[in-house]
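A.B. asks: whatever this is, show me its structure:
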Amino acid sequence: MTRKKRCAADVATDTSAAEVIDFSAFARAVYPFLEFQPFHRTYYRLLGEFAAGNVRRLIITMPPQHGKSVGATTLLPAFMLGIDPDLRVAIASYSASLASKFNRRVQRIIESQEYAALFPETTIKKGSRPPEYIRTSDEVEIIGHRGELLSVGREGALTGNRVDCFILDDLYKDAMEAESPVVRENCWEWYTSVVKTRMHNLSQELIVFTRWHDEDLIGELCRREEHIELREWSDLEGISPDCWVMLNFEALKTTPPCGIDSRKVGEALWEERQSRKLLLSKRRLDPRRFECMYQGRPASQEGLLYGMSFAEYDSLPTDIVRRANYTDTADTGDDYLCSICYAVDTDGKIYVTDVVYTREPMEVTEGLVGEMLVKSGTRSAAIESNNGGRGFARAVQKIAPGVRVEWFHQSGNKEARILSNSATVLHLLRFPRGWAQRWGELYAHLTGYRRDFRSNRWHDAPDVLTGIIEREQPEVENSKVHRMGFFR
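C.D. replies: Purely as a prediction, here's the structure:
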């Protein structure tokens, strides 16, 4: 479904105008100061597919301060109005003043000499002329055509008969707004009663957000309508016009390289602007918020399995009877290796002392786990052998010869085990105070883990906590029996 458009070659004869059909080339022509990182090339290429009409419904999420609004809400409307001066475009944001700011930026681009050289037919009112056309900070009309650019704040009204293209940029101001059920409901009501009523069969929608909550507009749309997560450019072939195309730019890559994002796991999205070191420090300060804003994976407090209910301790008790470890090696390239060292006291309380939680390859994690076992004074380690665990256990044993290392096969149903043991996990397990800063990803994945098993992406950390309980629970019961005097 490609929109019939007026390409630059039709409106000018010079070389630069002929190349402007490419959105990235247009952006560089009117904003020569733009910094283009590899992810920007992907971003602008996808926005170009949207401008060409090859994608009708598009959702893009990325971290703050990475240039999302410059591309989607400033340059894209100017480009689309240049291609089709009869287009009616509407920009919406959480406030009318911010939406107006975007509108004024687009107007300044249209007035520039660079833009006039590329799209001479797309012009707007200057001063009071021509008097019959409108030009304000919220509405501007294209001279000699039916096109216009509108801007509106969330919950504001839209006048006119139709909108051909909606661009919704950050409909929530901050976490406080996104956490409010009233604000979220009002936003959804505004979207369904104002935005959708101004659309026709060929209207396009672009949503660009920094995520704040899993029940925001994006979350609601994903629960109600068809969508795909874009990983390869071939995914766009033959896509239904009604299907949402979704692209999430993670600040720190957690998934394997693909055609859309070739970064290796752990690499920063824009190292020169927000380095891996800086991002890790932000994650340590607030892991849950980091997962939401920077990784695009929000989780509400409703429907969580553990939530924020984990107990913490300041120092280990003196009556420690055992130091052990439980390790689950990664099942697939997308999984985490989770290895937890812990201490058990005479009452059966379990105190987590050290953790390795990573997606590094086995040749790296063997050393990390082996060194942790030695450092923590662990006496016994249990390693799941489901996927290469036996070889992993042998390698760890060489690094930590003083530790009794055993491997075993876990055949129990993961979902049933995790859910049925969750209350016992919260009752018996203790984490060191400040563990959110020490093990940010572990903290985020545990506190954001949901009761709806299928809605979770990673099960590695809950699986290990469950395994620890399963191994220690018989010992807990036996210790109680001995203290009650049944065995003397």
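A.B. asks: please identify which helix or strand holds the residue nearest to the spatial centre of the chain.
C.D. replies: When the chain is reduced to its mean C-alpha position, the nearest residue by C-alpha atoms, centre = their mean turns out to be Gly296, at 1.6 Å. Secondary structure assignment for Gly296, by DSSP states H and E: no helix or strand.
A.B. asks: give the contact list for it.
C.D. replies: With contacts taken as C-beta atoms under 8 Å, 6 or more residues apart in numbering, Gly296 has the following neighbours: 61-63, 211, 248-250. C-beta coordinates here come from the backbone N, C-alpha and C atoms, glycine included.
A.B. asks: out of those residues, which is nearest to Ala116?
C.D. replies: Relative to Ala116, the closest of these is Met62; by C-beta to C-beta it sits at 31.1 Å.
A.B. asks: in the stretch 101-250 of the chain, where is pLDDT below threshold?
C.D. replies: Counting by pLDDT under 70, the stretch 101-250 of the chain contains no low-confidence range.
A.B. asks: cutoff 80 now
C.D. replies: Of all residues in the stretch 101-250 of the chain, those with pLDDT under 80 make up the ranges 159-161, 175, 179.
A.B. asks: would you map the strands across it?
C.D. replies: When assigned using DSSP state E, counting those that start in this stretch, the strands of the stretch 101-250 of the chain occupy the ranges 139-141, 148-153, 165-169, 204-209, 227-229, 244-248.
A.B. asks: dump those to CSV, plus mean neighbour count and distance to Lys398.
C.D. replies: Converted to CSV, the strands of the stretch 101-250 of the chain look like this (neighbours: other C-beta atoms under 10 Å; distance: least, C-beta to C-beta, whole Å):
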stretch, mean neighbour count, distance to Lys398
strand 139-141, 20, 71
strand 148-153, 24, 64
strand 165-169, 25, 55
strand 204-209, 22, 49
strand 227-229, 15, 41
strand 244-248, 20, 40
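A.B. asks: and those: which comes nearest Ser281?
C.D. replies: The minimum distance between Ser281 and these falls on strand 244-248, with 22.0 Å, by C-beta to C-beta.
A.B. asks: now the helix or strand following the closest one: mean pLDDT?
C.D. replies: Moving toward the C-terminus from strand 244-248, the first helix or strand encountered (DSSP H and E) is helix 276-285. When the per-residue pLDDT values of helix 276-285 are averaged, the result is 88.
A.B. asks: could you dump helix 276-285 to PDB, C-alpha only?
C.D. replies: Taking only C-alpha atoms (Å, rounded to 0.1, in the frame of the first residue of the first chain), the coordinates of helix 276-285 have been written out as PDB:
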ATOM      1  CA  ARG A 276      27.500   1.800  28.600                       C
ATOM      2  CA  LYS A 277      29.200   2.900  31.800                       C
ATOM      3  CA  LEU A 278      26.700   5.800  32.200                       C
ATOM      4  CA  LEU A 279      23.700   3.500  31.500                       C
ATOM      5  CA  LEU A 280      24.900   0.900  34.000                       C
ATOM      6  CA  SER A 281      25.100   3.600  36.600                       C
ATOM      7  CA  LYS A 282      21.600   4.700  35.800                       C
ATOM      8  CA  ARG A 283      20.400   1.200  36.100                       C
ATOM      9  CA  ARG A 284      22.000   0.700  39.500                       C
ATOM     10  CA  LEU A 285      20.100   3.800  40.800                       C
END
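A.B. asks: contacts for it, please.
C.D. replies: Helix 276-285 is contacted by residues 251-252, 266-268, 290, 294, 436-438, 440-441, 444 when judged by C-beta under 8 Å, 6+ apart.
A.B. asks: apply 6 Å and report the result again.
C.D. replies: Residues outside helix 276-285 that contact it (C-beta atoms under 6 Å, 6 or more residues apart in numbering) are 251-252, 268, 290, 437, 440.
A.B. asks: contacts only, for Leu171.
C.D. replies: Under the criterion of C-beta under 6 Å, 6+ apart, the contact list for Leu171 reads 94, 154, 187, 217.
A.B. asks: most surrounded residue in those residues?
C.D. replies: Neighbour counts for the contacts of Leu171 were taken using other C-beta atoms under 10 Å; the highest belongs to Arg154, which has 24 neighbours.
A.B. asks: is it true that that residue touches Tyr94?
C.D. replies: Yes: using C-beta atoms under 6 Å as the test, Arg154 is close enough to Tyr94 to be in contact (5.1 Å).
A.B. asks: and the closest residue in space to Lys125 that isn't next to it in sequence, what are its bridge partners?
C.D. replies: Of all residues not flanking Lys125 in the chain, Arg135 sits nearest, at 4.0 Å (C-beta to C-beta, 6 or more residues apart in numbering). Arg135 has the following beta-bridge partners by DSSP bridges: Val140.
A.B. asks: okay, who's weakest in the contacts of helix 276-285 by pLDDT?
C.D. replies: For the contacts of helix 276-285, the pLDDT minimum is Gln437, 81.
A.B. asks: now for the host helix or strand of that residue, which elements pack on it?
C.D. replies: Remark: Gln437 resides in helix 435-438, with elements defined by DSSP H and E. In this structure, helix 435-438 packs against no helix or strand, with contacts taken as 3 or more C-beta pairs under 6 Å, 6 or more residues apart in numbering; DSSP states H and E.
A.B. asks: show me how far that helix is from its chain's centre.
C.D. replies: Centroid displacement of helix 435-438 relative to its chain, using C-alpha atoms, centre = their mean, to the nearest Å, is 21 Å.
A.B. asks: what residues of it count as buried?
C.D. replies: With burial defined by 16 or more other C-beta atoms under 10 Å, the residues of helix 435-438 counted as buried are 435-436.
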